[in-house]
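>>> Below is the sequence, then the predicted model.
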Amino acid sequence: MELTGLSTDQAPPISVPLRFFLTAPLLAIFAGLLIFFTDAEVLISRYSHETIAIVHAITIGFLGFIILGALTQMLPVLAGVKIYKVKLVSTISYTFLVLGIISMVIGLYFEINSLNILAAISLVFGFLALLIPMIFAIKQVVDFTPTVRAMGVSLVFALLSILIGAHLLASHAMSNISSSHYILSNIHSVWAVFGFACILIIGVSFQVLPMFYVAPKFKQFCKKRIIWIISSGLIFWAITNIYNNSFNIYPKIWISLFFFAFATTVWIKLNQRRRPINDVTIWYWRSSSVFFTLGIFLWIFNSFYDEDIIVPASIFIAGGFIMSIMIGMLYKIIPFLVWFHLNAKGYMNIPTMNEMTHKNVAKFQYFLFIFSLIGFSISYVYPQFLEYSCISFILSMILLEYNVINPVLIYSKIIKTKPDFDMSAFGIMQEE
Amino acid sequence: MASIKEYLSADHRHCDKIFASMEASASKSLADSKILAQEFVDSTERHFQMEERVMFLEFEEKTGMTQGPTAMMRQEHTQMRMLMQQILDAIDTDNKDKFFGLTETLMILLQQHNMKEEQMLYTMAQQHLSAESDRIVEMMDSIVVE
């Protein structure tokens, strides 16, 4: 165990998570613009290249960026380990990921195969540059808490999903579509969403809900078993997909049952929390619980509707559940990081977290976002709703960017002034 | 008797509960939350002193690490003491927005601090000081806050 993990100099410089966090809403805006200029009929098919481009602008560009940024910050705190040369690897990762996702979205949307090849290579480099040091860092952990275990499992699913995804993209670019292409694409999407993002969220919520909201702890059974139960379900689901698709309803029900249990538990824990605060982050937790429940049931019913309702199911799970959690987290983590880094540098007279973001803007942003999610799912049946939903989504992401960039501007302004105390004696925070 | 890790982790949860009660009270009336705020500050100060005057010293003596994690934990204690004083000031000036802005900041600072201690420092302390665990817990339990 590395004892120096407790020091702030082991936490990454503030620029490391922030660059991921600030880029994510911009890529979501990009996705929103593409939806706006795309025919609803084209978006109904999950296999149209326009849909795949837009989905990845959200899943990689928004969700992936926020998850990676958050992991650079969470690993030292939750697992007590250091990511090897975090500033360097995150810079490499960020550069390749930006190049990769823009190439992928443009390449797929406009069918430019050279860009798709560039995207496949860049995205693999970008993800592996951070994921591999993170996996090695987790291997150093001595006290494997359920949260750390969930992080490790989710990173393995991430690694597999990314490699499969890169293979799919490169095959598409080279028009080398094998018979297994659609099976692999199913495994890629389900493992990325459920194995990587959902398992990570579940693991982190074991710590975050009881600690930050003073809610009751999760039951030991839940903390110790649910990750393995869901992981084994995902592996079983992949096997049935490869060998006998008619059986895949069983692992689907198995996985969904435990996701439903988790979503319900989150709702109950929020009701039982001791802290009275009811800010927008609580709203996002509650919405995520509702959308997750709706999404996983749609995912099951999708099997009986000839895959017809996979698009609304994906909107609820990726947008309603994962995006909601990520947005709620951004509203907490960015102001805190700004406060923490400034305070540790000796600045005492700084705004509190609540003063760094605009509460009313955050509330308005929440309603626009929820409206857009409901609108997108209705558009599946009534396409005339698509444009309004899209405008609402773009506006919500612009407001999110505005609200998360505000603390960073405060940081930039204060850091140019002289600190109230000279903290150089502590030898920390000198690396930025 | 509880181990060092169990004892101090349980004390974290004890302080969390008072913190939540303080906020619940302040959401109704800021002035009425003064007693709970003082109780929270006193309990947290007691916890800090149990660490700084007992456990950290024992740990540093055993491992020889005086400028490592314990130094950083002390620095975070200083940050939290400053915030706690500002919270008491906000109650005195009846500034509810300031109060909740400060409690939110303190809560996150406190919890990420607790996570680091529970995940690493207490585990290490338990490993290095297991033979003297009972004596150290007893000393912490009987501490008189200065």
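Thanks, I have it.

>>> which parts of chain B sit against chain A?
Residues of chain B lying close to chain A by Cβ under 8 Å from any Cβ of the partner chain are B:16-17, B:19-21, B:23-24, B:27, B:63, B:65, B:68-69, B:71-73, B:75, B:79, B:82, B:97-98, B:100-102, B:104-105, B:107-109, B:111-112, B:114-117, B:119-121, B:123-124. In this view, the C-beta of every residue, glycine as well, is placed from N, C-alpha and C.

>>> Emit the ChimeraX select command for whichever of these are buried.
Here is the ChimeraX command that selects only those of the residues of chain B next to chain A that count as buried (16 or more other Cβ atoms under 10 Å in any protein chain shown):
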select /B:16,19,20,21,23,24,27,63,65,68,69,71,72,73,75,79,98,100,101,102,104,105,107,108,109,111,112,114,115,116,117,119,120,121,123,124
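
>>> ok now whatever helix or strand residue A:300 lives in, how far from the chain's centre?
Under the criterion of DSSP states H and E, residue A:300 resides in helix A:280-302. In this view, helix A:280-302 has its centroid 15 Å away from the chain centroid, taken as Cα atoms, centre = their mean, to the nearest Å.

>>> Next secondary structure after it?
Assigned by DSSP H and E, the successor of helix A:280-302 is helix A:310-314.

>>> And chain B, is the helix or strand following that next one touching that?
Under the assignment DSSP H and E, the closest C-terminal helix or strand after helix A:310-314 is helix A:324-344. Yes. With Cβ under 8 Å from any Cβ as the criterion, chain B is reached by helix A:324-344 at A:332, A:336, A:339, A:340, A:343, A:344.

>>> Would you mind getting the angle between the helix holding residue A:300 and helix A:324-344?
Counting by axes from the mean of the first three to the mean of the last three Cα atoms, to 10 degrees, helix A:280-302 lies at 150 degrees to helix A:324-344.

>>> Pull out the buried residues from the one helix or strand residue B:89 maps to.
In this structure, residue B:89 is located in helix B:69-92 according to DSSP H and E. For helix B:69-92, a neighbour-count test (16+ other Cβ under 10 Å) marks B:69-73, B:75-77, B:79-80, B:83-84, B:86-88, B:90-91 as buried.

>>> just stretch A:134-141 next, same as before
Residues of stretch A:134-141 classed as buried: A:134, A:135, A:137, A:138, A:141 (neighbour count, 16+ other Cβ under 10 Å).

>>> Check the secondary structure at the last one for me.
Read it as residue A:141. Classification of residue A:141 using DSSP: H, G, I helix; E, B strand; the rest coil returns coil.

>>> What's the separation between the nearest residue to residue A:255 once chain neighbours are set aside and chain B?
The spatially closest residue to residue A:255, leaving aside those adjacent along the chain, is residue A:233, at 4.0 Å (Cβ to Cβ, 6 or more residues apart in numbering or on different chains). Using Cβ to the nearest Cβ, to the nearest Å, one gets 28 Å for the distance from residue A:233 to chain B.

>>> hang on, the earlier thing: other SSEs contacting the helix holding residue B:89?
Judged by 3 or more Cβ pairs under 8 Å, 6 or more residues apart in numbering or on different chains; DSSP states H and E, helix B:69-92 is in contact with helix A:324-344, helix B:34-50, helix B:56-63, helix B:96-116.
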